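>>> With the sequence up front, the predicted model follows.
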Amino acid sequence: MDQEEGKLAKLGFVIKHYADRSEAAAARMEQGAASLERGASAMLSQGQNLASVVVNGVKSQVADDIKQSVDRSIAPVHEMLGSDAKSITRLVQELQAERDAFKAERRKWTVIGMGGLAACAVLAFAGIAAWGAYWKNKAAGARAELAWVDAVNSSDFVPCGDRRVCANVDMQAKPIQGKYRPVKQRE
């Protein structure tokens, strides 16, 4: 049994040795893969930067070429239109001055119109106030007359002869102003 145990121990030692080596090899392979991935990313980034620089350079060159070409093609037309451009500028300035004058005139008449409307409103309110005061006084007089007519209507008197009135006078009431006595109310 000792021999078998020795063999088993050796076998265990060999298996452990190979397991350790395989783990170390797997770790080195993972490190290598990560290193390759970082290198590929760096190379891709450098390639993108280089492509961006090339594209920007080409774009600016093409834009400059197009601008120069357009400038050369319109230069004769620009020279022919130089005098027309000055006359157009003068006309634009004249039209702008007319427009400004029209705006000023319109503003003036707007202010005058608003002032006229304000004056009319003040006059209308003054008229309404005067009319209201007139009818207020008229109504006060009518109320006083109504009180007099109401007192006469509720008093007991009748016509008796030519331009005379007979009244049922309350003899027990105290005389008013010395000679007048109140008239009894109708029943």
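Alright, I've got the coordinates. Numbering: from 1, shown residues only.
>>> From now on I want contacts and neighbour counts done on CA atoms only, so please keep to that.
Will do.
>>> how deep is Asp156 tucked in, by neighbour count?
Per other C-alpha atoms under 10 Å, the neighbour tally for Asp156 reads 15.
>>> Tell me, how many residues neighbour the nearest residue in space to it that is not next to it in sequence?
Spatially, and ignoring its direct neighbours in sequence, Asp156 is nearest to Arg186 (4.7 Å; C-alpha to C-alpha, 6 or more residues apart in numbering). Around Arg186 there are 10 other residues, counting by other C-alpha under 10 Å.
>>> Could you do Ser45 as well?
Count around Ser45 with other C-alpha under 10 Å applied: 12.
>>> and stretch 155-175, average pLDDT?
Stretch 155-175 shows a mean pLDDT of 86.
>>> how about that stretch: buried residues?
Ser155, Phe157, Val169 (16 or more other C-alpha atoms under 10 Å).
>>> Next one: the residue nearest to Asp156, what pLDDT does it get?
The model reports Arg186 with a pLDDT of 84.
>>> show me the contacts for it.
By C-alpha atoms under 8 Å, 6 or more residues apart in numbering, Arg186 lies in contact with Ser154, Ser155, Asp156.
>>> And the first one, how close does it get to Lys184?
I take that to be Ser154. Ser154 sits 9 Å away from Lys184 when distances are taken as C-alpha to C-alpha, to the nearest Å.
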